[in-house]
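Student: this is a predicted model, with the sequence first.
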Amino acid sequence: MKDLHLPPKVTATSDPASALADATFVVHAVPVQYSRSFLSLVSPHLKSGTPVLSASKGIEVTSLGFMNDILKEALGDRRSYAFLSGPSFAREIMEEQVTSVVIASEDRQLAEDLADVFGSDVFRVYTSQDVVGVEVGGSVKNVIALAAGMCEGLGLGTNAMSGLVTRGCAEMRRLGLYLGAEPSTMAGLSGVGDTFGTCFGPLSRNRNVGIRIGKGEKLEDIKRDMNEVAEGVETAGALVELIKMRNKGYRLDLKYPIIFGVKDILDGDLDAREGLEGLMRMKLRMESYEATH
Ligand SMILES: NC(=O)c1ccc[n+]([C@@H]2O[C@H](COP(=O)([O-])OP(=O)(O)OC[C@H]3O[C@@H](n4cnc5c(N)ncnc54)[C@H](O)[C@@H]3O)[C@@H](O)[C@H]2O)c1
Ligand SMILES: O=P(O)(O)OC[C@H](O)CO
């Protein structure tokens, strides 16, 4: 892999006061589980009206909140927030490979201003006001990518993988619509688009964790030698709890079999092969379930 360098206009610092003093907006890209404590450290240095753009994707285990909830609780609900998502591996962006993303904000003008700032010939930025949809997609796709990686690691083949990813998208859509997302968002860049990228992209940390689990490694051993996060690992458990809390109904494990199955495999309660092959045998149960719910 070729070496990457920061662009000449970008400088790095670990001093929040100097980084934030004159900021017209702030980009937040810290893993979700560490975001709240990180934000509490930087919050005193952030001016009251400065907008924040988050690139983090996932659900906080302790609160079951998305980044929109965490940011509002940590930095107040009187500033504007925006959320960048979509298929966007950092290395490819640094290499100036063509990338398309969406920036969502309840504040339409902020989304458009940020799209102008970040957009370029190689970085296409779409805008949206569907924060819920964009955040659900960015969170669920990492869990589906863990399952896709397991499928790959187990050598189950392209047919199984394609079926799995399609059904993963159906679970994402089901949850998104239940939580108030727009159908078009779930079918767009931050939903289906990022799911494809993460499930099939060799750079994905989530997919790679899944591959290692599929090949028989233990999650604890994988975590020990990773120096980055695979957000789907923590988000899988948070998603199951969120679904149980918000999506009332009968047999939620049949409504969301991939999400529930990934969580059980990560917890060591279900063997990866048994879980993945079991999913492929669930067709009739799902069809009869869908007919009545
Ligand atoms: N890397 C990508 O290609 C990519 C692309 C799109 C979105 N994201 C999302 O952006 C977020 C960050 O991803 P990343 O790849 O930059 O992660 P990362 O592991 O490289 O961490 C980013 C930074 O967060 C801070 N950080 C990490 N762990 C911390 C801790 N325990 N306490 C305090 N600070 C900590 C560090 O400053 C670190 O450099 C994730 O939610 C990820 O899903 C990543
Ligand atoms: O490396 P992953 O699996 O965290 O995925 C990174 C980005 O979210 C891809 O869009």
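Tutor: Nice, thanks for sending it over. Ligands and ions are numbered 1, 2, ... in the order given.
Student: and the helices in the stretch 51-200 of the chain?
Tutor: For the stretch 51-200 of the chain, applying DSSP state H, counting those that start in this stretch gives helices covering 67-75, 90-94, 108-118, 131-153, 158-178, 183-186, 194-200.
Student: tell me which of those is the most buried.
Tutor: Mean neighbours per residue, mean count of other Cβ atoms under 10 Å, is largest over those for helix 131-153, with a mean of 29. Where you see a C-beta, it was placed from the backbone N, CA and C, and this is true even at glycine.
Student: report whether that helix contacts ligand 1.
Tutor: No. Legend: contact between helix 131-153 and ligand 1 by Cβ under 6 Å from any ligand atom is lacking; minimum distance shown is 6.8 Å.
Student: give me the distance from that helix to the chain's centre.
Tutor: Relative to its chain's centre, helix 131-153 lies at 6 Å (Cα atoms, centre = their mean, to the nearest Å).
Student: tell me the spacing between the residue nearest to Leu203 when sequence neighbours are not counted and ligand 2.
Tutor: The shortest distance from Leu203 to any non-neighbouring residue, by Cβ to Cβ, 6 or more residues apart in numbering, is to Phe89 (4.4 Å). For Phe89, the distance to ligand 2 equals 5 Å [Cβ to the nearest ligand atom, to the nearest Å].
Student: now swap in Val27 and tell me
Tutor: Taking Cβ to the nearest ligand atom, one finds Val27 at 15 Å from ligand 2.
Student: also Lys223?
Tutor: Separation of Lys223 from ligand 2 (Cβ to the nearest ligand atom) stands at 14 Å.
Student: number of residues surrounding that residue?
Tutor: As a burial measure, Lys223 scores 12 neighbours (other Cβ atoms under 10 Å).
Student: which positions within the helix or strand that contains it qualify as buried?
Tutor: Counting by DSSP states H and E, the element that carries Lys223 is helix 219-224. Residues Leu219, Ile222 are the ones in helix 219-224 that count as buried (16 or more other Cβ atoms under 10 Å).
Student: next SSE after that helix?
Tutor: Using DSSP H and E, the helix or strand that follows helix 219-224 in sequence is helix 231-246.
Student: what is that next one packed up against?
Tutor: Packing contacts for helix 231-246, counted by 3 or more Cβ pairs under 8 Å, 6 or more residues apart in numbering; DSSP states H and E, involve helix 32-42, helix 131-153, helix 158-178, helix 205-214, helix 252-255, helix 257-266.
Student: pull that helix out as PDB, backbone CA atoms only.
Tutor: C-alpha atoms of helix 231-246 as PDB (Å, rounded to 0.1, in the frame of the first residue of the first chain):
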ATOM      1  CA  GLU A 231     -18.000  -0.600  15.100                       C
ATOM      2  CA  GLY A 232     -20.400  -3.500  14.300                       C
ATOM      3  CA  VAL A 233     -19.000  -5.600  17.100                       C
ATOM      4  CA  GLU A 234     -20.500  -3.300  19.800                       C
ATOM      5  CA  THR A 235     -23.300  -2.100  17.700                       C
ATOM      6  CA  ALA A 236     -24.700  -5.700  17.200                       C
ATOM      7  CA  GLY A 237     -25.500  -6.000  20.900                       C
ATOM      8  CA  ALA A 238     -26.800  -2.400  21.100                       C
ATOM      9  CA  LEU A 239     -29.100  -3.100  18.000                       C
ATOM     10  CA  VAL A 240     -30.600  -6.200  19.600                       C
ATOM     11  CA  GLU A 241     -31.400  -4.300  22.700                       C
ATOM     12  CA  LEU A 242     -32.800  -1.300  20.800                       C
ATOM     13  CA  ILE A 243     -35.000  -3.600  18.600                       C
ATOM     14  CA  LYS A 244     -36.300  -5.300  21.800                       C
ATOM     15  CA  MET A 245     -37.000  -1.900  23.400                       C
ATOM     16  CA  ARG A 246     -38.500   0.000  20.400                       C
END
